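In: Next comes the sequence, and after it the predicted model I'd like to discuss.
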4 protein chains.
Amino acid sequence: MAIKRIAINTGGGDAPGLNGVIRAVALSAYREGWEVVGIREGYRGLLDDDPELLPVLDPDRVRGIMHLGGTILGTTNRGDPFNFPVMVDGKPEPRDMSKKLVDRFKELGFDALVALGGDGSMSLATRLLKAGLPRVIGVPKTIDNDLKGTDITFGFETAVSTATEALDRLHTTAQSHRRVMVVEVMGRDAGWIALHAGIGGGADVILIPEIPFRLESVYEKLHRRYQRGRQFAIVVVAEGAKLQDGAAVYKGEKGQFREHAQLGGISEYLAREIGRATGYETRNVVLGHLQRGGSPVTYDRVLAQRLGCAATRYLKETTESGLVAMRGGRTQLVPFSEVVGGTRGVDANDELVLTARALGLCFGDEPPGTFVA
Amino acid sequence: MAIKRIAINTGGGDAPGLNGVIRAVALSAYREGWEVVGIREGYRGLLDDDPELLPVLDPDRVRGIMHLGGTILGTTNRGDPFNFPVMVDGKPEPRDMSKKLVDRFKELGFDALVALGGDGSMSLATRLLKAGLPRVIGVPKTIDNDLKGTDITFGFETAVSTATEALDRLHTTAQSHRRVMVVEVMGRDAGWIALHAGIGGGADVILIPEIPFRLESVYEKLHRRYQRGRQFAIVVVAEGAKLQDGAAVYKGEKGQFREHAQLGGISEYLAREIGRATGYETRNVVLGHLQRGGSPVTYDRVLAQRLGCAATRYLKETTESGLVAMRGGRTQLVPFSEVVGGTRGVDANDELVLTARALGLCFGDEPPGTFVA
Amino acid sequence: MAIKRIAINTGGGDAPGLNGVIRAVALSAYREGWEVVGIREGYRGLLDDDPELLPVLDPDRVRGIMHLGGTILGTTNRGDPFNFPVMVDGKPEPRDMSKKLVDRFKELGFDALVALGGDGSMSLATRLLKAGLPRVIGVPKTIDNDLKGTDITFGFETAVSTATEALDRLHTTAQSHRRVMVVEVMGRDAGWIALHAGIGGGADVILIPEIPFRLESVYEKLHRRYQRGRQFAIVVVAEGAKLQDGAAVYKGEKGQFREHAQLGGISEYLAREIGRATGYETRNVVLGHLQRGGSPVTYDRVLAQRLGCAATRYLKETTESGLVAMRGGRTQLVPFSEVVGGTRGVDANDELVLTARALGLCFGDEPPGTFVA
Amino acid sequence: MAIKRIAINTGGGDAPGLNGVIRAVALSAYREGWEVVGIREGYRGLLDDDPELLPVLDPDRVRGIMHLGGTILGTTNRGDPFNFPVMVDGKPEPRDMSKKLVDRFKELGFDALVALGGDGSMSLATRLLKAGLPRVIGVPKTIDNDLKGTDITFGFETAVSTATEALDRLHTTAQSHRRVMVVEVMGRDAGWIALHAGIGGGADVILIPEIPFRLESVYEKLHRRYQRGRQFAIVVVAEGAKLQDGAAVYKGEKGQFREHAQLGGISEYLAREIGRATGYETRNVVLGHLQRGGSPVTYDRVLAQRLGCAATRYLKETTESGLVAMRGGRTQLVPFSEVVGGTRGVDANDELVLTARALGLCFGDEPPGTFVA
């Protein structure tokens, strides 16, 4: 069926590049003669709002937004339509609103949805297709780069660049004060940001969820470095990094998993333990939400627009639903079944891990004696 | 007495521009035919090291360092020569090493010291002059900009720029998620960074030590803003900001003053309280040591080199000790007595405070009803 | 007379910070209960447009513009109302439209004009006051920083930063290839950008209009540098730099003054002459309009908003016309008579010139033998 | 034969990331127990210098260089050993020095060469292998990204980012003054920089060597844009862009091919022609050497170190010569025969070209009527 009118939304955590995709979909669809309508805050715009308020994204509406961070549509982590918070007696209670959503979608005459999001958003898309949504094209967004089925997601390179710039800044002050700086970056399940930023920012230690670590290995690396006269160091740690022993994930002093960018996380723990064990002066910094914001780097601007235009193209040229994935340097429409469920983590034999090891970096899993110069 | 050989050191917290001053002193003194010797880590180089290891800062030694953050000489917060940590039975005990320091200084043939530092360093300089050091020229360094006797200190503009860039990043993600972002910047005693970055970064609330605040005033500002449809906000808070009621300085949950950039500080407290009182989603970020590092912005590069060359000039053209201050756009040699003791805070009637109020920003001291649109 | 309704315009060359001033005037005037109306492209909006189209700058209209380069009002170098291009038989002919302008201004009920501009704009303001405009408050804008009566203009620090970043980039490639890089920056009459960027970017030679130069002095500096083993160099030249001999200003090969950022200017000339005379490999780069664009640095954002709010304050608290100048770190309302006519150039004994000379930089006016190491 | 001692050099135009590769090769080879020796300025270090002066690149020697632009080894475009400039009677005359080079290489005990360069350097490597050099591993460097056999070269993403930042700056000033900005970027044979920066920087027109253009198509695009009320535009042009008619490459007014970044190039021509034909105000900017300099962006830092470590790995694990290419997201050792001869240009059907067209950009090859809104 020929497309005439499509909806677009953004879900889950913010990522630089969302506006670039929105603009690219809007402009490329406009050239096809389609109407593009934005849904606010995930699916909330269809469930809360007077549909009259949904913005029509004509070229004027998406003008000058490509290089801006954030999303003009808004986003939320709390908009699951199958458990949608409905106010009952003044309190939010979760309700399955999927049927209402599908009905509205059809009433409004949408032929398809372009959904920008990560694993959670693609899972929702799958379920909504089953619930009757006519067609969904997903666009892979996550600063963590851990979405299955695609080589890369937009937002990641900007997050890595932000983290690397921070490492550059911390390098000079670490050296001046002879300090070990422990820098916590995002990555609950996957260590991609830590791995790339650690290599790009010249870190000495990289700790990621996929490679559980021993503190003794970190101490040995630092000792060897200080003994050689390099009396400062940078430790990059993904928020989800794990100790090898049973303690699994470090959960904060209050015994509960600490949310993204909240304080008392793993970097504070590491700074304290390293200080105690080595006697070196330590400090920690949590980059937190800095990694989600700001103007996308050029790489992400180009990627976002490539993906957005491809979404329009696959809508036009195929009749399928699926994710616009990057594979081997070009886009490909991939079934959602290859995407949802689980994340794509760092393989311990990934070439970048080998690169880091060849440069002498420590992942914390090295046997004793590894860093004897 | 004609100068022939001078020493230079850097003390206290790291600040962008230190290397620019070092280079400028070294190059300008070299043109006068003087020898410049660097002392490592404040005064530690004179007390610990074999004097043979003090680096002679000839032009080759200071090449290419001007735009680098940090200090090639190292710095420390723990090098007070009147309470110097001397190892006794394997433990550090504070000892007065000032006499040894002055003797070494003279043995090494130094005619004067150029001391880069803040209030603490200038106090030490005063005491060391009394203890027999022949002459000291101070150069005003602190990212907090709170040194008395000078209009501006190098390092400040870079710290402000780093904080402003962070606010730019957080703006976009705050808006996408409809969040109140509470951003903690440095400033234990003075709110200059918060004030400048808050204005430059388009914040909605600025909380500084000099203007104790009420939480209710902040809530009112946020309510008014959300009611007008701007459903996100940026709160900038200096780490030393104080509540108006008796509680004085917020000291963290454990009842003790939390060190710079350490976790559990005032921004975490504010994010929690604001969330509880308003129901808006909140997040906090602590910029911490990011503000001390990185390449100095152009303003600080020019200022650092101006101050460094002026230090050499005042050494040559006068016989005084004192601080090379900036006053009314040019340098001036100011007696240390005008500099040490206390800090230069933000005046509640400072033109920039009036500017912020005219823009509609909240300082938390407004009477109820101020922000009724 | 109490102010109720004011107009605001931007004139002359674009400068980073214009939008910050516009926003600050709009927000601060809004808090006074005034209406602020924007005039498009200097005075063109009053002469060309249907007055209904003049935008009312309420808070919503100036939202999110502070950190953007450019001006939402547009600007022009061709809008002198005393010689306004009026179409006659399809061709523009200059006409005195000042009376019409003043009449329109009054018809529209404006009590005062806030005029953002440089020397040209302030001269126009003086003449329009004589022609009957009720009141004008000027705000000092020029990336060249050469406006009389004020210590600093907004836009300058951003232009300097852009130029310094360019020098940083060119440094590394100059060194890799052993080249002399000649970099042309703006400054037809004044060398402030060249002076600040040259010091901030670690240049070896700075050539400015205020200090006419000899080529031989430049060659000597370069020879000495190459002989000492530093086989690359950076020459910063203001577009208006002059040779000492009769040739006055270099005018390009076609014998006519070359416009800003146009090709074939003084840097191409210098690169060729230096290459011929020394045999060193040379390249030239003209930064041109890059210096006018982009997001203002934090310094300019704060300055712009300080000036904008002060404009409102002086409108409220005084009955005078004049320029909101920065003097000694705070604003002051200065009569236009102290501002217009001539420019504020670099004094040959300015402390920054002495700073540069103390660092060993060459201005091209040194007697032979100066750079014998 | 087991590797014990290797040489490394950098050839051709400077590119950000060279130091990252050098450091990665040095550190990874050090861990294998090999000695790494740097050859200065391509092959010049072997032909000119006292071999004693070749620097041994131990870990201390490559410390802190990863994030620096340029190359610590120096580079040159004039070091072809088969046509090496030898001084004869005070004049340089080209001589075949390949035999001497190979002899020296063997005398110095090198088992292999790691050669960082583009097409020219890889061609030389092929010829030197035939002339007796034992083994060469190439690492693909060119900001133009036009090397055959690899998906990507280091330095490119940084050059693109520099160009995109420049477009961001020029956007704001173009809009304020209603100007058409013509921006010339590098790319004599390939339009990759223009294509990526044009998309990332929101250009309206992209002109590249691979798609010869008609001026009329550009005019039409601009007319349509201005008619829709968007009265400014950005034209990005690769220096090697060609007109469709016989004139082939625009060669400058003096009828000769103008060198990279030299003035009087294609952007000046275009600005003049567009101004004449459309009556719109135009300006041109030549980015030139800015694109070669500066600290590599994170992407290039990671890529450079991945390639450098892979060079060591392929030296260890294989006995082949060849290029360390990136293919499908990982490295691969590719025979030089697949690399040398010709360049890898933009295919007219490349997905990014389609992306740009879908966004409404003009390549100058569109038939009349394309841009009728």
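Out: Received the coordinates, thanks.
In: Can you list the strands that the helix or strand of chain A with the lowest mean pLDDT pairs with?
Out: Using mean pLDDT, DSSP states H and E, strand A:84-88 stands out as the lowest-scoring helix or strand of chain A, at a mean of 89. For strand A:84-88, sheet partners with direction are given as strand A:91-95 (antiparallel), following DSSP bridges.
In: which residues touch A:Tyr226?
Out: A:Tyr226 makes contact with A:Ala233, A:Thr278, A:Tyr280, according to C-beta atoms under 8 Å, 6 or more residues apart in numbering or on different chains. Where C-beta positions appear, they are placed from N, C-alpha and C, glycine not excepted.
In: Is chain B within reach of the lengthiest helix in chain A?
Out: Counting residues, the longest helix found in chain A (DSSP state H) is helix A:156-177. Yes - using C-beta under 8 Å from any C-beta of the partner chain, helix A:156-177 comes into contact with chain B via A:162, A:165-166, A:168-177.
In: Pull up the per-residue confidence for the nearest residue to A:Leu290 once chain neighbours are set aside.
Out: Excluding the flanking residues, the one nearest A:Leu290 by C-beta to C-beta, 6 or more residues apart in numbering or on different chains is B:Arg169, at 5.3 Å. The score at B:Arg169 is 96. That number is its pLDDT.
In: wait, doesn't B:Arg169 sit right on A:Gly69?
Out: Yes - distance between B:Arg169 and A:Gly69: 6.8 Å, which falls inside the contact criterion (C-beta atoms under 8 Å).
In: Once you drop chain neighbours, what's closest to A:Gly149?
Out: A:Val339 (4.0 Å).
In: How much space separates A:Arg228 from B:Ala2?
Out: Here the criterion is C-beta to C-beta, to the nearest Å. By it, A:Arg228 lies 43 Å from B:Ala2.
In: Sketch out the low-pLDDT regions of the stretch 201-350 of chain A for me.
Out: When residues are selected by pLDDT under 70, those of the stretch 201-350 of chain A lie in A:246-264.
In: The stretch 201-350 of chain A: strands as residue ranges?
Out: Listed in chain order, the strands of the stretch 201-350 of chain A (DSSP state E, counting those that start in this stretch) span A:205-207, A:233-238, A:281-286, A:322-327, A:330-334.
In: Now the ones you listed in a markdown table, please, with extra columns for mean neighbour count.
Out: Supplementary listing: the strands of the stretch 201-350 of chain A in a markdown table, determined by neighbours: other C-beta atoms under 10 Å in any protein chain shown:
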| stretch | mean neighbour count |
| --- | --- |
| strand A:205-207 | 29 |
| strand A:233-238 | 28 |
| strand A:281-286 | 25 |
| strand A:322-327 | 22 |
| strand A:330-334 | 18 |
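In: do you know which of those strands lies nearest D:Thr331?
Out: strand A:322-327 (17.7 Å; C-beta to C-beta).
In: Just give the strands next to that closest one in its sheet, each with its orientation.
Out: For strand A:322-327, the pairing partners within the sheet under DSSP bridges are strand A:136-140 (parallel), strand A:330-334 (antiparallel).
In: ok, residues contacting it?
Out: Outside strand A:322-327, the residues that touch it by C-beta under 8 Å, 6+ apart are A:122, A:137-140, A:149-152, A:303, A:307, A:310-311, A:314, A:331-336, A:338-339.
In: so who does the residue of the stretch 101-250 of chain A found nearest chain C touch?
Out: With C-beta to the nearest C-beta as the measure, the residue in the stretch 101-250 of chain A that lies nearest chain C is A:Asp168; the distance is 13.6 Å. Shown here is A:Asp168, whose contacts under the criterion C-beta under 8 Å, 6+ apart are A:Gly201, B:Gly293, B:Gly294, D:His67.
In: my guess is A:Val21 is in a helix, correct?
Out: Yes - A:Val21: assigned to a helix according to DSSP: H, G, I helix; E, B strand; the rest coil.
In: in chain A, which spans are helices?
Out: A:18-32, A:44-47, A:98-107, A:119-130, A:156-177, A:192-200, A:215-227, A:266-278, A:298-317, A:351-358.
In: Please identify the most buried of the ones you listed.
Out: With neighbours taken as mean count of other C-beta atoms under 10 Å in any protein chain shown, the helices of chain A reach their highest mean count in helix A:192-200, at a mean of 30.
In: How about it and chain B, any contact?
Out: No - Helix A:192-200 stays out of contact with chain B when judged by C-beta under 8 Å from any C-beta, the minimum separation being 13.9 Å.
In: which outside residues touch that helix?
Out: Judged by C-beta under 8 Å, 6+ apart, the contacts made with helix A:192-200 from elsewhere in the structure are A:143-146, A:156, A:159-160, A:163-164, A:167, A:185-187, A:203, A:205-208, A:234, A:236-238, A:241, A:291, A:346, A:350, A:352-353, A:355-356, A:359, A:361, D:298, D:301-302, D:305-306.
In: so it versus helix A:351-358, what angle?
Out: Orientation check (axes from the mean of the first three to the mean of the last three C-alpha atoms, to 10 degrees): helix A:192-200 against helix A:351-358 gives 40 degrees.
In: May I have the beta-bridge partners of the residue lying closest to A:Ile8 once chain neighbours are set aside?
Out: The shortest distance from A:Ile8 to any non-neighbouring residue, by C-beta to C-beta, 6+ apart, is to A:Val114 (4.4 Å). Using DSSP bridges, the bridge partners assigned to A:Val114 are A:Ile8, A:Ile137.
In: how much space between A:Val114 and C:Lys148?
Out: 57 Å.
In: So if I had to pick from these two, which one is more boxed in?
Out: Comparing A:Val114 with C:Lys148 by neighbour count (other C-beta atoms under 10 Å in any protein chain shown), the higher total belongs to A:Val114, at 27 against 18.
In: what's near enough to touch the more buried one?
Out: Counting by C-beta under 8 Å, 6+ apart, A:Val114 makes contact with A:Ile6, A:Ala7, A:Ile8, A:Asn9, A:Val25, A:Val136, A:Ile137, A:Gly138, A:Val139, A:Ala311, A:Leu315.
In: I'd say A:Asp133 and A:Leu113 touch.
Out: To be clear, residue A:133 is Leu; Asp isn't right here. Yes - taking contacts as C-beta under 8 Å, A:Leu133 lies within contact range of A:Leu113: 6.3 Å.
In: which neighbours do those two share?
Out: Each of A:Phe105, A:Ala125 lies in contact with both A:Leu133 and A:Leu113 under the rule C-beta under 8 Å, 6+ apart.
In: how close does the closest residue to A:Gly360 other than its chain neighbours sit to B:Ala190?
Out: With sequence-adjacent residues excluded and distances taken as C-beta to C-beta, 6+ apart, A:Gly360 is closest to D:Leu27, at 5.9 Å. Computed with C-beta to C-beta, the distance linking D:Leu27 and B:Ala190 is 44 Å.
In: can you check A:Asp111 too?
Out: For A:Asp111 relative to B:Ala190 (C-beta to C-beta), the value is 59 Å.
In: Among these two, which residue is more densely surrounded?
Out: Regarding A:Asp111 and B:Ala190, a neighbour count based on other C-beta under 10 Å identifies B:Ala190 as having more, with 23 against 18.
In: Contacts only, for the closest residue to that one other than its chain neighbours.
Out: Nearest residue to B:Ala190 in three dimensions, chain neighbours excluded: B:Asp146, at 3.6 Å (C-beta to C-beta, 6+ apart). With C-beta under 8 Å, 6+ apart as the criterion, the residues that contact B:Asp146 are B:Gly118, B:Asp119, B:Gly187, B:Asp189, B:Ala190, B:Trp192, B:Thr343, B:Arg344, B:Gly345.
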